[in-house]
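Chemist: Everything below, folded, please.
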Amino acid sequence: MTHSGRDNWGSRIGFVLAAAGSAVGLGNLWKFPYLTWDNNGGAFVLVYLLAVVIIGLPLMMSEILVGRSTQLSPVPAFTKLGGRRWSGVGWLGVASGAVIQSYYMVIAGWSLRSFVQCLGWSIKGYVTPADGDFDAFLSNGSLQIGLTLLFTLFTAIIVYRGIGGGIEKATKVLMPALLAILLYLVFTTFTMEGRNEALAKIFIPDFSKLPREGFLEAVGQAFFSLSLGLGAMIAYGSYLGKKESIFKSALWVVVLDTIVALLCCIAMFTIIYSVPGLQNRISGSTIGMLFITLPDLFYTKMPGGILLGPLFFVLVAFAALSSTISLGEVTTSLLIDQKGWRRSHATLATTSVVFIGSILAALSLGASGILSSFSLFEGKEGVLSTLDHLAANWMLPTGGFLITLFVGWKLGRKFCMDELGLEKPNLAFTVWLWIVRVVAPAAVLILLINVIMGKDFS
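Modeler: Residues are numbered from 1 along each chain as shown. Now for the predicted structure:
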């Protein structure tokens, strides 16, 4: 235990699995494969991997460093290290976590519906859904709220039980199970004819086929995929023991997240290349691919679909849950550290506030005309789309940019060396500090400039 009775992770593996769970989310399952497909494969993947190493890993180390050095959640951590003027960076992270969690819970709830639906098909036989079935589901306000509430309760129970007794125990089950199901999916798809084309598409780079904007999207995906800029890694890092290596811990998180993204890509591409006509049906509706197209393919085109259908949506639910509990910890730990609240009270308060936002997001999918037409950004209608656009395009990049400035310039060389366990600077540290001070903020600033010019990363 640390000061104020705070938990510590029981082991480095506990932290790594929890932090990797935070990073491994629904974006790994649908957004990365879609972006890879849309940007013609191999060259995009290579740029993405370079961005993960050059930008993602140093940024993750920076966030963990802030949390571990203070043993505090984002707001009090920035206040302690930088004074009140820097506390706004922590508040931005907490707000980002709350905004993302409010609509993420809604989408996560869809996995429960799809699991039950697939389970029924596996038992009773597959029946092709009627046209507009998924749209009707989205516009069913009471069902949307009910599923969101169920997922919210799952999340709250784990966060309520704390780090050692809740989050660490849960992620030690969720992450191995997630990886096992994903590997089973990949091995199953490898029995299909399109595996060689899929592997060639993913791992053989051809930069002549990479659109100019593909470079930007690869960098953006590397940043967003690792849950950077919202304080989750600061909150989780605050429970990391002083003897644990920040570099090794961050490296393992990045490696696990990247492995999951690539495995999802392999599975999706193999399916696409194996099913005649499917390549022409890939569109901008990544959610449609995940919740409409894939269930049909499991039962009509894929070997072992009766088992794969329900298992796949267990995978989706586990990926979502591992992320929502990290988002819940960001807001809950604020009240524990800043206000001295008991974890039970803090969890109840933050869950209730976030759930109000979730209700608004859930009803904006068709159940409420006012909420469905609500718009702050051009081309984004509905509370859910608006919140997604706000978080992905403005809140996270801004938070990431400020964190790089804080760690790179405010904390200083000596402070960072001490936290990383170095007596004198070496080449690796010099490179890391240069990336944090110059390369990472420049890259994130480019993302923000493109957002201002109309680019959408949501």
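
Chemist: contacting residues for residue 70?
Modeler: 76-77, 80-81, 238 (Cβ atoms under 8 Å, 6 or more residues apart in numbering). All C-beta spots, glycine's among them, are computed from the backbone N, C-alpha and C.

Chemist: For those residues, work out which two are farthest apart.
Modeler: Longest distance between any two of the contacts of residue 70 is 12.1 Å, between 81 and 238; criterion Cβ to Cβ.

Chemist: Which of these two has more residues huddled nearby?
Modeler: residue 238 (27 against 19; other Cβ atoms under 10 Å).

Chemist: The more buried one contacts residue 71, correct?
Modeler: Yes. With contact defined as Cβ atoms under 8 Å, residue 238 and residue 71 form a contacting pair (5.2 Å).

Chemist: if I look at residue 406, how far off is residue 79?
Modeler: 12 Å (Cβ to Cβ, to the nearest Å).

Chemist: which neighbours do those two share?
Modeler: Common neighbours of residue 406 and residue 79 (Cβ under 8 Å, 6+ apart) are residue 86.

Chemist: Filter the contacts of residue 70 down to just the ones in helices.
Modeler: Of the positions in the contacts of residue 70, 76-77, 80-81 sit in helices, assigned by DSSP state H.

Chemist: worst-scoring helix or strand of this protein, pLDDT-wise?
Modeler: helix 286-288 (a mean of 68; mean pLDDT, DSSP states H and E).

Chemist: next helix or strand past that helix?
Modeler: Downstream of helix 286-288, the next assigned helix or strand under DSSP states H and E is helix 294-300.

Chemist: so how far is residue 107 from residue 373?
Modeler: 20 Å.

Chemist: Looking only at neighbour counts, state which of those two leads.
Modeler: Neighbour totals were compared for residue 373 and residue 107, and residue 107 leads with 22 against 11 (other Cβ under 10 Å).

Chemist: Now the more buried one: closest residue in space, sequence neighbours ignored.
Modeler: Closest residue to residue 107 apart from its sequence neighbours, by Cβ to Cβ, 6 or more residues apart in numbering: residue 26 at 6.4 Å.

Chemist: give the contact list for the one you found.
Modeler: Contacts of residue 26 by Cβ under 8 Å, 6+ apart are 104, 107-108, 290, 316, 319-320, 323.

Chemist: And for residue 266?
Modeler: Residue 266 touches 186, 189, 198-199, 202, counting by Cβ under 8 Å, 6+ apart.

Chemist: between the residues you listed, which is nearest residue 138?
Modeler: The closest of the contacts of residue 266 to residue 138 turns out to be residue 189 (Cβ to Cβ; 28.2 Å).

Chemist: Mind giving me the ChimeraX command for buried ones among the contacts of residue 266?
Modeler: Here is the ChimeraX command that selects only those of those that count as buried (16 or more other Cβ atoms under 10 Å):
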select :186,189,198,199,202
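
Chemist: Reformat the contacts of residue 266 as JSON lines; add pLDDT and distance to residue 335.
Modeler: Below are the contacts of residue 266 laid out as JSON lines (pLDDT from 0 to 100; distance: Cβ to Cβ, whole Å):
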{"residue": "186", "pLDDT": "92", "distance to residue 335": "41"}
{"residue": "189", "pLDDT": "89", "distance to residue 335": "44"}
{"residue": "198", "pLDDT": "92", "distance to residue 335": "47"}
{"residue": "199", "pLDDT": "94", "distance to residue 335": "48"}
{"residue": "202", "pLDDT": "94", "distance to residue 335": "44"}
